[in-house]
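>>> build me a structure from this.
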Amino acid sequence: MKKSLLVLLLAVLLPSLLLGWLALRSTEEQQIVLERRTAELYQKETDQVATTASSLINEQRRVFGETLRQLLAEEKPKDLAVHFTTLLRTRWPQPAVGFAIDRTGHLFAPTTRDAALNTQCRQFLEENGAFLGNRTAATAYAVPPDELNRPGLALQRKMEMGGKSGTGNKGEQSLSKAQSKEEDNYQKRGNAKDQALADNQSQKEATRNVAPQQQPAGGDSQLTWATAEFREFTAEGSEGVVNRFVEDRLNMIFWVRPAVAPEMIFGCLLRVEDLRPQWVNLFPPTETDYSSSTKGDPEFILALLDDKAQPVAVHPAKSAVQEWKKPFVATEVGEALPHWEAALYLLHPERLRDSARHLRRNLSLLIACALAAIAIGGWVIFADTRRQLALAQKRTDFVSNVSHELKTPLTSIRMFAEMMHSGRASTERQPEYLRIIMVEAERLTRLINNVLDFAKLERRQRRFEMRPLDLHEMLSQLWPAQELHLREAGFAAKWESAEPSLPVVGDEDALAQVLVNLLSNAEKYGGATKEVTLHSYLAGDWVCVSVLDRGAGVPAGEEAKIFEPFYRAHDSLSSGIPGTGLGLALAHRVIREHGGEIVYHARPDGGSNFTIRLPKAGRPNAGATPEMLSSKS
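Below you'll find the model as predicted:
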């Protein structure tokens, strides 16, 4: 039994607990997978917004290029360069400042005269004159045209630029002294501003302005930046965009090297805040793609954030988020709009947690049910094993008891028979010896009949001859012999009958065997107070017969066990009380086959009370067996 329990523990219970623990651990991974898949799905939304934002910048660059080509078609490059700032303002509606420089860094437009007349031009020269004239290096983001539609991707080549190079001597000599002096002043102011910008820009280079809750690519910025002179940013290609932060404002520099004048660069400076009206068309016009299919309310909010993590455009319109820096997912727009983000915010973030919680709860319930089933099954197996072992032990004890019970009467019969056969028994003692032989033979017969009858009942082979009979009359025939036997054994025996007639339907021999077994038990367990009473009476529609004694009774807690096969409260081998443990079990089954019951009650002043209750003849189902009753139902 211990081995079976050990096998159950090691082969079933422990692996089940381990699997349950692994399953619960897997729910955490499932939650991560669920969030990751949701993030991948929503990442496409932010990627689309970032692509659209980058495309808007590319569209502005394309419009600038078309405007420049139209102007070059009307004027020569040298002539256009001098008046480019003024002409661009008349041809292009955007509030941009146009400029024209040559390879040496000589700035044709805007000039100091433009700066004196126009505040915007003066600010342009102060902030960008030294950088465009290649007199100082600046930290900027170079955007080749083929990269404008690829948001969130770093440039494949890192611009290896650095150092300063002097400006061309020819360009410097061509300037008038007054103009050179004025530009030197702009250069000094520009260098001071560029130096101040370097500290601000270093804070933006490595980290992002937002901290997405789900970001497969990590939290570091993927932007490519470099510190170099303007001519190094424009060394390759025929057009592009150079973005730089000036006084913490993003300035976009569109530049074109026209084929008709490859030694010159025409460009314009456009501040990103001047493009705010363009962001209105950033999102789809309908809200169907953003709404829940069940309630119609938005599932998430899309927003375009500037370099300060403030919303520039939001969809659905007029939506508000408490913490713009913590989106669910976000995509960098790229070098076209450095440190700008397309961000998505869940309006119901608890749904993901609830989904994982529901999964964990359901899985926990399944695991609990499985473990409970295993525990119950193990307990049933354990209980059945204990029952089988107990039954096997009882059968072993039964064999020992039967052997002992058979040996005792056979020994007595053989001893007295040998004494009479050898002539050692006197004539006066022979009748007593014959009576002892007869009593022991009856005892042996009763023991064998009990074993055979119980075996037949177990195999359902015994057939009862059910017929109407008077139990009072049967007791009248049975009691005298039993009373004589009890009185010879030293018992005070009496029969109390309250009714002259006790009609029942049953097998007379089987009922007589039950009563003899009960009287025999009363004799064996009578104790020091040798008193046995047989009481027969009617109780409503029941015929009752009670056998009462003044013995030790049944130990507490074993009242139901005494009717089990092979069970004996006092073993015959250890207590000296003869018996096989089949008498009460046989009586219980016989009475049950007659549609009645046999019950035990402890007497108040000590002793036992075994009562047989049989249906009175004429009552419905009188004499019916349990099988007959079940077949009728």
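>>> show me this protein divided up by domain.
As given by automatic domain parsing, the domain ranges for the chain are 41-280, 284-349, 350-462, 464-632.
>>> could you dump these to TSV with distance to residue 19, mean neighbour count and mean pLDDT?
(Glycine included, C-beta is placed from N, CA and C.) As requested, the domains of the chain are exported to TSV (distance: least, CB to CB, whole Å; neighbours: other CB atoms under 10 Å; pLDDT from 0 to 100):
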stretch	distance to residue 19	mean neighbour count	mean pLDDT
domain 41-280	30	18	77
domain 284-349	32	18	81
domain 350-462	8	14	75
domain 464-632	40	17	82
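>>> so which residue is dead centre in this protein?
residue 360 (2.5 Å; CA atoms, centre = their mean).
>>> where does that residue fall, secondary structure wise?
In this structure, residue 360 sits in helix 350-422 according to DSSP states H and E.
>>> centre of the chain versus that helix, how much separation?
36 Å (CA atoms, centre = their mean, to the nearest Å).
>>> and the helix or strand that it is followed by, what does it pack against?
Next in sequence after helix 350-422, counting helices and strands by DSSP H and E, comes helix 430-458. For helix 430-458, the packing partners by 3 or more CB pairs under 8 Å, 6 or more residues apart in numbering; DSSP states H and E come out as helix 350-422, helix 508-524, helix 583-593.
>>> possible to save those helices as JSON lines with distance to residue 474?
Listed next are the helices and strands packed on helix 430-458 as JSON lines, based on distance: least, CB to CB, whole Å:
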{"stretch": "helix 350-422", "distance to residue 474": "26"}
{"stretch": "helix 508-524", "distance to residue 474": "6"}
{"stretch": "helix 583-593", "distance to residue 474": "14"}
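>>> of those helices, which approaches residue 255 most closely?
helix 350-422 (46.0 Å; CB to CB).
>>> what's the angle between the closest one and helix 430-458?
150 degrees (axes from the mean of the first three to the mean of the last three CA atoms, to 10 degrees).
>>> would you list every one of the strands in the stretch 51-200 of the chain?
Secondary structure of the stretch 51-200 of the chain by DSSP state E, counting those that start in this stretch: the strands cover 97-102, 107-109, 138-143.
>>> the shortest one: how far from the chain's middle?
Computed by CA atoms, centre = their mean, the chain-centroid distance of strand 107-109 equals 71 Å.
>>> please apply the same query to stretch 80-92.
With CA atoms, centre = their mean, you get 69 Å for stretch 80-92.
>>> identify all contacting residues around it.
Stretch 80-92 is contacted by residues 63-64, 67-68, 70-72, 96-100, 108-110, 114, 121, 264, 266, 268 when judged by CB atoms under 8 Å, 6 or more residues apart in numbering.
>>> any chance of a markdown table for the strands of the stretch 51-200 of the chain, columns distance to residue 452?
Converted to a markdown table, those look like this (distance: least, CB to CB, whole Å):
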| stretch | distance to residue 452 |
| --- | --- |
| strand 97-102 | 122 |
| strand 107-109 | 128 |
| strand 138-143 | 106 |
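>>> report the secondary structure state of residue 485.
Classification of residue 485 by DSSP: H, G, I helix; E, B strand; the rest coil places it in helix.
>>> any idea how far it is from residue 527?
Counting by CB to CB, to the nearest Å, the separation of residue 485 from residue 527 is 18 Å.
>>> repeat for residue 143
From residue 143 over to residue 527 the distance is 112 Å, taken as CB to CB.
>>> on that earlier part again, quick one: closest of the strands of the stretch 51-200 of the chain to residue 560.
Closest among the strands of the stretch 51-200 of the chain, using CB to CB: strand 138-143, at 90.8 Å.
>>> by contact count, what packs against the closest one?
Short answer (3+ CB pairs under 8 Å, 6+ apart): strand 138-143 packs on helix 177-202, strand 226-228, helix 230-233, strand 239-246.
>>> what are the pairing partners of the shortest one, and which direction each?
Sheet pairing of strand 226-228 (DSSP bridges) gives strand 138-143 (antiparallel).
>>> the partner strand: how far from the chain's middle?
51 Å.
>>> what angle do it and strand 239-246 make?
140 degrees.
>>> could I get the CA-only coordinates of strand 138-143 as PDB?
Below are the C-alpha coordinates for strand 138-143, written out as PDB (Å, rounded to 0.1, in the frame of the first residue of the first chain):
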ATOM      1  CA  ALA A 138      26.800  72.400 -36.600                       C
ATOM      2  CA  THR A 139      25.000  69.300 -35.400                       C
ATOM      3  CA  ALA A 140      22.300  68.500 -38.000                       C
ATOM      4  CA  TYR A 141      20.400  65.600 -39.600                       C
ATOM      5  CA  ALA A 142      21.000  65.100 -43.300                       C
ATOM      6  CA  VAL A 143      18.000  63.500 -45.100                       C
END
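>>> residues touching the residue lying farthest from the centre of the chain, list them.
No residue in the chain sits farther from the centre than residue 427, which is 92.4 Å out by CA atoms, centre = their mean. By CB under 8 Å, 6+ apart, residue 427 lies in contact with nothing.
>>> distance of residue 420 relative to residue 491?
28 Å.
>>> sorry, that was for residue 268
Distance from residue 268 to residue 491, by CB to CB: 131 Å.
>>> and after the strand or helix carrying residue 254, which helix or strand comes next?
Per DSSP H and E, residue 254 falls inside strand 249-256. Sequence-wise, the next helix or strand downstream of strand 249-256 (DSSP H and E) is strand 264-271.
>>> strand partners of that next one, parallel vs antiparallel please.
Short version: by DSSP bridges, strand 264-271 pairs with strand 97-102 (antiparallel), strand 249-256 (antiparallel).
>>> which one of those strands lies closest to residue 308?
Closest among the strands paired with strand 264-271, using CB to CB: strand 249-256, at 10.1 Å.
>>> now the closest one, how far from the centre of its chain.
Counting by CA atoms, centre = their mean, strand 249-256 comes out at 54 Å from the chain centroid.
>>> please apply the same query to stretch 112-130.
Per CA atoms, centre = their mean, the centroid offset for stretch 112-130 relative to its chain is 67 Å.
>>> contacting residues for residue 307?
By CB under 8 Å, 6+ apart, the neighbours of residue 307 are 204, 209, 245, 250, 338, 339, 340.
>>> how about a cut-off of 10 Å?
204, 209, 245, 248, 249, 250, 272, 337, 338, 339, 340, 341 (CB atoms under 10 Å, 6 or more residues apart in numbering).
>>> how close does it get to residue 37?
Counting by CB to CB, the gap from residue 307 to residue 37 is 30 Å.
>>> what of residue 444?
84 Å.
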